[in-house]
Every structure is written in C-alpha cells, then in structure tokens.
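Visitor: Next comes the sequence, and after it the predicted model I'd like to discuss.
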There are 2 protein chains.
Amino acid sequence: MALNDLAPVARNEDGIALALGILKQRFGDRFQTGAALRAQHAHTTTYIPAQLPDGVLFAQDADEVQAAVEVCAAHRVPIIPFGTGSSLEGHVNAPGGGISIDLSQMNRIVAVHAEDLDCVVEPGVTRSQLNTHLRDTGLFFPIDPGADASLGGMAATRASGTNAVRYGTMRDNVISLEAVMPNGRKIVTAKRARKSSAGYDLTRLMIGSEGTLGIITQLTLRLAGQPAAITGGVCPFPTLEAAVNAVILTIQIGLPVARIELVNQLQMRSMIDYAGLDLPESPCLFVEFHGTEAGVAEQAETFAEIAGELEGGPFIWSARAEDRSRLWKARHDAYWAALTLRPGAKGISTDVCVPISELADCIVETEADIAENGLIAPIVGHAGDGNFHVLVLLDDTDPAEIAAAEAFIERLNLRALAVGGTCTGEHGIGQGKMAFLEMELGGAVDVMRSIKTALDPDNIMNPGKVLRV
Amino acid sequence: MALNDLAPVARNEDGIALALGILKQRFGDRFQTGAALRAQHAHTTTYIPAQLPDGVLFAQDADEVQAAVEVCAAHRVPIIPFGTGSSLEGHVNAPGGGISIDLSQMNRIVAVHAEDLDCVVEPGVTRSQLNTHLRDTGLFFPIDPGADASLGGMAATRASGTNAVRYGTMRDNVISLEAVMPNGRKIVTAKRARKSSAGYDLTRLMIGSEGTLGIITQLTLRLAGQPAAITGGVCPFPTLEAAVNAVILTIQIGLPVARIELVNQLQMRSMIDYAGLDLPESPCLFVEFHGTEAGVAEQAETFAEIAGELEGGPFIWSARAEDRSRLWKARHDAYWAALTLRPGAKGISTDVCVPISELADCIVETEADIAENGLIAPIVGHAGDGNFHVLVLLDDTDPAEIAAAEAFIERLNLRALAVGGTCTGEHGIGQGKMAFLEMELGGAVDVMRSIKTALDPDNIMNPGKVLRV
C-alpha cells in the first residue's frame, strides 16, 4: 500500500530550469547540481525509491532561505528542506524534482538564556551539538530520537524518543519558531514567554508539518535542568504482558520515570550477543529515573517492587554512570544488534503508537504475525507512551520480500488504528504513510488540506508528503 | 485601545430572522430568545459593553450542534459557543448578533480509561465535576484556572492556572478533540494514543482558537496520578525581586514544584485582613509540592534553603491537608480579598506573561505605574511561568476611570511585549486584545487570518474575536 500510494508530483520543467539558473547566479558554489550530491539529499532510509532534487542549496541564514523560497515561489518550483537526512518515511525525496535546501550550515547557537531555561538555535544545530554546548550550564535539551538529528528536522517531524515519557516530545519543548512561509514571508510564531494564549498555535501547527507549510529557520527551545542524580537498570520479565503491565502500573502511580524502554525477546537475543549483556533471553524493560539522590533511589526501589509483583526481576539498577552508560549503549545500539540477526539484510524501521492498555495485545499479535509470515523483525518500544518500532530485516533487492514487508506494515497499522492508536508515534507521515493518515483521521485530513492549500496554493513546499492536494 | 479597537461585525438581519425561525421549530423550548437569557449569555466580565446574541440554543449532543451549525452556515449567521461564561476578554459577546450555543447540558463523562490515564468528556463538563467523578480512581485532571470553568471552554481559550508550572496548560493535557467545523462537518483531530506524529496538529490548532474555527463537542484528556503526598506553605520575602529570584532558582535546579504563586504587597494586605492570615505585609510565595512522602518533605526543605539564601522566610510548610487548604483558600479568594481594597468597585482582571528573568522588573515597573497613576490594582502571579494578573479596581460607570484603566492596560501590554513577553498568558485575545496580538506577532497574524478564512470563509464562528478578517 505504502509504495503504490506515493503521491505523484508533476515536474514543472520550465520553472525548474529558470530557478536553477537564478539560484546558481545568486549563490555560486553553494548551489550544487552534481548527481552524487543530489542523490545524497534524496536517500530515504526506506524501500521507497530515491527521487532526486534538481539542485541543492546550502543556505547560510534565514535571508538566504527567504531569497531561495521567493525564487521557487515565483517559478512554482518544489522546495525540500533538508537537515541531516535521518527521517524515516521518505521525507527528503523529491517526487517532482525541485530544490533541496540544506540547512546544515545554519548551525549557530544564537543565545542561551539560562535563567529562563531556554535557548535560541538555528535549524541545522544537532541535538548533540546543543547538549555539548550546554554542558556547563546545568541545563540540557531532553529530546533524543536516537539519531543525531538536526533540531529543525526534529521539530518538522515532531520527533520524540526514549525520554518523551518524562520530558514530552518536540511538541512540548519548542517555545517559538521563525519560519519562511511558502509566499516567502518570514514569520515568528510566538514570543519567548513560557506560555501564551495569544492567537492560534502556529508553533504547534508547524511542528510535525514535515516542511509542507514552510521552512523553519530558527527555534526557541525549552531546556531542562540536568538531574542531580540518575538511577537506571534493566529488568527482565517472564512475558511481554508482564513487562507492559509493569509500565502501566509505573505510570499510573505517578512514578516520574525518565525512560522506560521495552525490548522484546528477539531483540534481546541480538543485544545479548552484540553487547555481551548478562541477561536472560526474555522481554526486558530498560528503566531510568532522574531526580535527587534520595528521590531516584526511592523510585528505583518502588519500580523493583512493581516488577516483583508481576513476577519480573531481578531489577538490577545502579546510580553509577559507567554501569548505566553500558546498558544504554546496548539499547542505543539495538539497530546494529538487530542487523546481526540477518547479516546483509537492510533494516526498515516502522512505528505505531497505541493506548498503553492495548500495547501488550498489539505487540503479541504483531509477534504472531511476524512468525506466521516468516519475517525477521525485532521490536523495541517507548513503552511509557505506547509507542513501538518494528525493524523488518529484508533483502531490498527482492520484490517479493518488499511486498511481504509492505503487507505486514499495512496489517500493523490497521491493528494499531483498530484499538485507538495512530499510524505513527514519532516517525511522521512522509511519503510512506499518507494512506494510513487518511484511514486514521478521515475528515480531519480535509481540514489539513484546506490549511495546506490556503498557505501554499501552488503546492511548492515539500510536495507529495503528508497530504494529497 | 482595547475598547476603541473592537472589531465591528455587520448584522445579517435576514439570515438571523430565518435561522431563528428554523431553530425554534427544530429545538422548541431548548431554543430561547428572551432578553434576560440572552443578556446572561453576553456578560463579559470586562468593561466591554454587552452585545447580546439573538437566541440561545441549549444543545444536548454533537448532532444537535452540527444541525445548528448547518442552519447558521446556510444563512451566514454568527455562532458563539458558550460554556460557563467565565472567560475574561469578551469571548461570549455577540457583536453581530447570532446564536449562542450553550453547551452546559453536554456534560456527560463518556469514559474513564484509568489504565491509559485518560478520559473522554463532553465540553460542558466542568473541571470540578470531572475531579469529583475521578475521586476514587487515584487520578485527577490537573488544570485549575480558578473559575469552575467548562472543559470545552478551557480548551477553547488554552486555559492554565496555578499548577501549570508542573502539569502544563490545556495545550499539554488534551489528547484529542471532536469538533464541528464551520461547514457543519464533524471531525476528530487525533486518536487516543498518548503521542502521535500523524499530520498537522489540529488538536493544538483548535486549542486557543476561542471558538473562531469550530465548536468543540468532545475532549479526550490526559489525567495525572493523584500525588501520594503533598506539602505546601507560604514564604514571605523582603522584596519582590527576592521572591522572583527564589522562583528562578527553584525552576533552574529542577525542583518539581507543583504551584509557586507570587502575591504582591498590596494583594497580601487585602488577604491578611480578609482571610485572617498571620503573615507580614510583604511579597509572598505560596508553594506546593506533589510526590512521595519523602520526596515532598525533601523538596520543601530545599525550597526553604533557597528562600533563606535570598533573605526570605521563614517558609512555614505543612503536609497536613487542613493547613494547606486554609492557605490555598486564601490564595483562591484573592479576588474577593482584593475587592475589599475599594468597596463597591468592579475588578477587571488582565494578564501578561514574560520570560521569568524579566518578571521582577516587569512587576516592579508595573507597581510604579499603578502608584503614579493613582490606581488601586493588586497583583498575583503564576510566577513559575512568568505569568501575572493585575486586578484593576474601578468604578465602571466613570468613563475617566475606564480610560485610565485602558491606558494602564496598554502600557502593561507594551511593557510585556518589549521584553519578549506575550499580551496574554492564559486569558486569551477575545475582543479585548486584538490590537495587542497584531503588535505581538505581526505577519504571523496574517497566517492565522489565512487559516481562519480557509476554514470559515463566511466568518460565522465567533466573529469579532481574536482576528480581524
């Protein structure tokens, strides 16, 4: 379904030719049209075929973005914003050609307001760059989607990751955005106050719009205080249901867990070998608490009790950074560990998110589906949010395997939708999930379409993504 | 400025006459046109003159709302959604007449999903009704804007209140909305999963749109676990700056304070008399912590240390519910206490929100402005968010006093905007702050206008509020 449903975008050959000439003249060597560079900007991390832009502009500031958008708007040429290219649903593909605007050189940290717990950054700043910069301030930016993504891209895709259960997603951690809109106008969506009820929430409208409504050129982000103490550890459970029930209880009693990651049996098998973990081959929760020294110890003990009540455990936890780093490195390397389950295969990552009361059933049914269809596909989940990922290991040169993976992903999405879930908790829609979005929200997609058409009547902003217009 | 800038809305006499007839026929006694009832639905809690709707419909379910919207859309008749009428910027006024849709009878609690920490409610459910219903579940809905507002109205105005510093605002605590759009179509903005990156964030677009984009007919809300233990107390400070610095330090070290309310000297004077508080007449912080028994005691001690470093204190705190209730009753009764400062006067509440590093200066300058202009206007603030309220006590039959209050409010808003603040942290724009919204966000307001025009081309949804179209 995903593949067949790619939205075609007609090429505007004349407009593209004109824009290429103007941009070359205006930007010289920072505007490139070589095939290798164009291919690099259209890699999709999926099995969706690459669709190359016609040129790549390395923008250095918001005025340049604005100038480029004005050229593209005048000639009705598609614009595809590019951060680090780590998005997962074909977001940077160029189905109608056009100009990729690479924002990686817009990587200045403009201001850190430590007293206000906020900072102002350009969109090409990556989360690790920001956190390195913040190291001595006692503050950090908590959103960690796994990849060292750009903050502009993370906002555009409404990214989240392992500690969203405690700190929220990009939705919750952006105070304001500056963006260049499809008509070339630059707007600021909000002031720097921590909250506001002044008008429509354009900040949240841009977050998750995947570059289809405008290009983010600056972000004001909320920062969190670095916790005084951290405890963390791994807890095995006899069954996946028991592990999920431990998550539900943890959340329900209000234990302020910072991370609570579910790893299924197959994924654990790969990680035990890959990272040399001394753990049983059974579903596990990787858990972390942030707070005061006394607080995090109390929280870890409370979690151990919960796990014990559900016949899980032992919960081996530690306040020592070395011990925790080793465990979280194993969790972060889950992708590489999983690849060892089928050497030479490509890993295609997909995600859904369901109410947590439905999480155990949804994963158990998905495991059965995987087994019945002979797939190799381990599962990890941000269980506190009901969000899980399946990594399908396949030979992406084999059409039959691609078809089987697509059919599986379709069943997975329908299963999530059937229990009140969403087709994506954090990867976004891109090219891959447009049909599922329609199934999920129906008439609401028409409202999105009205907004898209009002703001971008010529459909030049990342066309062929999120919505058919 | 506020008064002179009310956006006029032309009356569509023929359309209104037709709609009145159709609605009377369709809804019988649940559609009322008596003057008293219409006046009740246009009270503004401001000095903006009341502008009455032509009829009031007491809707009983979403289908009825949809039917009424279809009638009004067909005849281009304004629709003004009404919850409890506790909004503060003329939101329920009917400048072009039309139909007030009273949602108070849509007050069913549809479902409580305790395992998922969410619930589904109709828009007329009030926050105290919901929390009474939840009492035995171990859960609660944390947003408390002061008034016992309806949850639909709270979403529509992006309400927050005393514990937003810990639990966020309505923006953060709504998972999904059902809404009837201006064309009469009913949409659902999201599924019930705790997070999603599926398409544009229509949930957040509707939150804070003040009824100008559609009528909320159902809400899925996030619930929080009732804290196992609570500590709270009051701490006096020698100066307002010292109190604000204590707030900044508290937030910066990551102390998870649940409430941290600033009360200025004049407001304290009124409260000491009104509630019989044994406290000095100096700026105070009312503080509360939610957590485990050991955690909240530790947090209160840490706060006492912070206060001491800033020459504040003593911080008298207690874990006993009776002691805390007495204090918070005093804080909640601040409005009534303030009225005693000028018996017979009307209290007009306004709010702004600034980065917390600017809060002390902004309040000190505002106090000086109040003194220079001979106003009586105490101040309370949700200091952890940088949000504060000024209650101007005036004789609202005296045009000179109204003009002085308006001029003061204009200076207050400009002062907040000048330091990166917003013209409203939680009251919204309504009729009163449209000019300030334009000053605050400039070109972004044009984007809001494009969205409004795309979704409501005939401007029937709460016209004359938020935006000029």
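Guide: Yes, it's here.
Visitor: Can you give me the neighbour number for A:Ala36?
Guide: 8 (other C-beta atoms under 10 Å in any protein chain shown). All C-beta spots, glycine's among them, are computed from the backbone N, C-alpha and C.
Visitor: Checking it next. Helix, strand or coil?
Guide: helix (DSSP: H, G, I helix; E, B strand; the rest coil).
Visitor: ditto for the one 10 residues further on
Guide: Following three-state DSSP, A:Thr46 is assigned to coil.
Visitor: which non-adjacent residue is nearest it?
Guide: Among residues not flanking A:Thr46 along the chain, A:Gly90 sits closest, at 5.5 Å (C-beta to C-beta, 6 or more residues apart in numbering or on different chains).
Visitor: and the residue nearest to A:Gly386 when sequence neighbours are not counted, what is it in contact with?
Guide: Among residues not flanking A:Gly386 along the chain, A:Ile356 sits closest, at 4.3 Å (C-beta to C-beta, 6+ apart). Shown in contact with A:Ile356 (C-beta atoms under 8 Å, 6 or more residues apart in numbering or on different chains): A:Val244, A:Val247, A:Ile248, A:Ile251, A:Ala383, A:Gly384, A:Asp385, A:Gly386, B:Glu115, B:Asp116, B:Arg194.
Visitor: One more: A:Ser349?
Guide: A:Thr45, A:Leu88, A:Tyr335, A:His389, A:Val390, A:Leu391, A:Val392, A:His427.
Visitor: Restricted to strands, list those residues.
Guide: A:His389, A:Val390, A:Leu391, A:Val392 (DSSP state E).
Visitor: Among the residues you listed, name the ones that also lie close to chain B.
Guide: Near chain B, judged by C-beta under 8 Å from any C-beta of the partner chain, there are no entries from the ones in strands among the contacts of A:Ser349.
Visitor: Smallest gap between the stretch 1-150 of chain A and chain B, at which residue?
Guide: A:Glu115 (3.9 Å; C-beta to the nearest C-beta).
Visitor: What is the burial count for that residue?
Guide: There are 16 residues near A:Glu115, going by other C-beta under 10 Å.
Visitor: Ignoring the adjacent residues along the chain, who's closest to A:Pro123?
Guide: A:Gly152 (2.4 Å).
Visitor: One more: A:Thr250?
Guide: A:Val257 (5.6 Å).
Visitor: before we move on, back to that, want to throw the contacts of A:Ser349 into CSV with pLDDT and neighbour count?
Guide: Formatted as CSV, the contacts of A:Ser349 follow (pLDDT from 0 to 100; neighbours: other C-beta atoms under 10 Å in any protein chain shown):
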residue, pLDDT, neighbour count
A:Thr45, 77, 19
A:Leu88, 91, 22
A:Tyr335, 93, 17
A:His389, 97, 22
A:Val390, 98, 26
A:Leu391, 97, 23
A:Val392, 97, 25
A:His427, 96, 29
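Visitor: what about A:Leu37, distance to A:Gln60?
Guide: Distance, A:Leu37 to A:Gln60, by C-beta to C-beta, to the nearest Å: 17 Å.
Visitor: Check A:Arg468 too.
Guide: Applying C-beta to C-beta to A:Arg468 and A:Gln60 gives a distance of 34 Å.
Visitor: what's the answer for A:Ile306, then?
Guide: Counting by C-beta to C-beta - A:Ile306 and A:Gln60 are separated by 52 Å.
Visitor: Of those two, which one has the most company?
Guide: A:Ile306 (21 against 17).
Visitor: Which element, helix or strand, includes that one?
Guide: Using DSSP states H and E, A:Ile306 sits within helix A:293-309.
Visitor: Which strands and helices lie in contact with that helix?
Guide: In terms of contacts (3 or more C-beta pairs under 8 Å, 6 or more residues apart in numbering or on different chains; DSSP states H and E), helix A:293-309 is packed against strand A:229-236, helix A:240-252, strand A:284-291, strand A:316-318, helix B:293-309.
Visitor: And the contacts of it?
Guide: For helix A:293-309, contacts defined as C-beta under 8 Å, 6+ apart pick out A:227-231, A:233, A:235, A:237, A:246, A:249-250, A:253, A:255-257, A:285, A:287, A:289-291, A:313-315, A:317, A:319, B:291-292, B:294-295, B:298.
Visitor: out of those, which are buried?
Guide: Neighbour counting with 16 or more other C-beta atoms under 10 Å in any protein chain shown marks A:227-228, A:230-231, A:233, A:235, A:237, A:246, A:249-250, A:255-257, A:285, A:287, A:289-291, A:313, A:315, A:317, A:319, B:291-292, B:295, B:298 as buried within the contacts of helix A:293-309.
Visitor: can you map out the helices along the stretch 351-469 of chain A?
Guide: With helices called from DSSP state H, counting those that start in this stretch, the stretch 351-469 of chain A shows them at A:359-372, A:399-418, A:434-441, A:443-455.
Visitor: most neighbours per residue, which of these?
Guide: helix A:434-441 (a mean of 22; mean count of other C-beta atoms under 10 Å in any protein chain shown).
Visitor: that older thread, let me know the distance separating the residue nearest to A:Pro123 from A:His91.
Guide: Where A:His91 is concerned, A:Gly152 sits at a distance of 12 Å (C-beta to C-beta).
Visitor: same thing with A:Lys433?
Guide: 11 Å.
Visitor: Could you check how far the closest residue in space to A:Arg108 that isn't next to it in sequence is from A:His43?
Guide: Distances taken as C-beta to C-beta, 6+ apart put A:Glu122 closest to A:Arg108, at 4.9 Å, once the chain neighbours are dropped. From A:Glu122 across to A:His43, the span is 23 Å (C-beta to C-beta).
Visitor: Those two: which has the busier surroundings?
Guide: The residue with more neighbours, out of A:Glu122 and A:His43, is A:Glu122; 25 against 14, by other C-beta under 10 Å.
Visitor: Skip the chain neighbours and tell me the closest residue to the residue nearest to the spatial centre of chain A.
Guide: Geometric centre of chain A, nearest residue: A:Ala159, 3.7 Å, by C-alpha atoms, centre = their mean. Nearest in space to A:Ala159, with sequence neighbours left out and distances taken as C-beta to C-beta, 6+ apart, is A:Pro145 at 4.2 Å.
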